[in-house]
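A.B. asks: build me a structure from this.
(2 chains)
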Amino acid sequence: MADELAPPPIGILLVDDNDDDIVLLQDSLQDSPLLNLLHVVRDGEEALEYLQQRGAHAQAARPGLVLLDIHMPRKNGFEVLDAMKSDPALRTMPVVMLTSSTCDEDIVRSYGSGACSFVSKPVGLEQLKSVIGRFAAYWSLVAVMPPPTSGRATR
Amino acid sequence: MNAEAGTWMLTLLVVDDNDDDVILLQESLKDHPAAQVLCVARDGDEALAYLRREGEFDGAPRPGLVLLDINMPRKNGFEVLGEMKNDPKLRSIPVVILSTSRSEDDVALAYGSGACTFVSKPVNLDRLRLMAGHLVRYWSTVSLLPGVPQ
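C.D. replies: As a prediction, this is how the structure comes out:
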């Protein structure tokens, strides 16, 4: 268990195309130090560009954890997950599915493809805050995060 | 068993060869009715036999989550994790590594091999209780599990 006094900050990449969900998540993080560490991209293709430090994202800092929606334009969450798990530079990075789906088929496929966790998007700000509190406690106090992968992503 | 609203049962397979660690873990889980230990396997072979329902484990219920130690006799945690992830019937079961190791190589290997989380075994009961509380809350109210109705 990590030291409660000084949990290391975790950079989070949020991959989501839904503006309302993004704003709600940012609002719910207002009181949390996590807000400063959140970076948002709007589809799966951009997520991979960011993670693999390509194009406009050549200088992007590698996040410690990815929050990944499933249904998105250009590349969906499963395609992003598969691409990450096939990339030696990204395969140890924890991926948490964050989706409106509660369908068992999506849950089974996510874990089977290497997702670390499957979180159903809470409805309403209060419930979201409660989930975020538990989420932050787990990933900052309980989990030992993988060491950051150095160097550039493989193509 | 009925769980409270917004909570589902977290059924566990605990894989650990250290009796003291198992007793402490079970003690720290007692405060959490959402968590239920289905079986404690004492080595990697027994864990895989349980998951594959072989021999005495015929008809055993599938766990929602596996808590897996690394250093064990016969088959270690990485071997168990590797076999689970190569088995289409077992690969979607989430695995949390719970180990005394803090080695960066072990942590990277665990995530790279498909573990959901690497947890370093707390060294005293107070910290273990705290860890167990966060862990049970996360896996019984935040992160959905395969095959578990919410």
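
A.B. asks: helices of the chain, start to end?
C.D. replies: No chain in the question, so chain A it is. Listed in chain order, the helices of chain A (DSSP state H) span residues A:19-28, A:44-51, A:77-85, A:104-112, A:125-137.

A.B. asks: you answered for a different chain; I wanted chain B.
C.D. replies: Listed in chain order (using DSSP H), the helices of chain B are B:19-29, B:44-51, B:77-85, B:104-112, B:125-137.

A.B. asks: near chain A, anything from the longest one?
C.D. replies: By that I understand helix B:125-137. Yes - using CB under 8 Å from any CB of the partner chain, helix B:125-137 reaches chain A at B:127, B:130-131, B:134-135, B:137. For the C-beta atoms, the positions are set from N, CA and C on the backbone; glycine is no exception.

A.B. asks: turn the helices of chain A into a markdown table, columns for distance to B:Leu68, mean neighbour count and mean pLDDT.
C.D. replies: Putting the helices of chain A into a markdown table (distance: least, CB to CB, whole Å; neighbours: other CB atoms under 10 Å in any protein chain shown; pLDDT from 0 to 100) gives the following:
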| stretch | distance to B:Leu68 | mean neighbour count | mean pLDDT |
| --- | --- | --- | --- |
| helix A:19-28 | 31 | 15 | 89 |
| helix A:44-51 | 27 | 22 | 96 |
| helix A:77-85 | 20 | 20 | 98 |
| helix A:104-112 | 15 | 19 | 97 |
| helix A:125-137 | 22 | 17 | 90 |
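
A.B. asks: let me have those in JSON lines, extended by distance to B:Asp31.
C.D. replies: As requested, these are exported to JSON lines (distance: least, CB to CB, whole Å):
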{"stretch": "helix A:19-28", "distance to B:Asp31": "28"}
{"stretch": "helix A:44-51", "distance to B:Asp31": "39"}
{"stretch": "helix A:77-85", "distance to B:Asp31": "35"}
{"stretch": "helix A:104-112", "distance to B:Asp31": "27"}
{"stretch": "helix A:125-137", "distance to B:Asp31": "16"}
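
A.B. asks: mind putting these into a markdown table with distance to chain B?
C.D. replies: Conversion of the helices of chain A to a markdown table gives the following (distance: least, CB to the nearest CB, whole Å):
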| stretch | distance to chain B |
| --- | --- |
| helix A:19-28 | 14 |
| helix A:44-51 | 15 |
| helix A:77-85 | 9 |
| helix A:104-112 | 4 |
| helix A:125-137 | 5 |
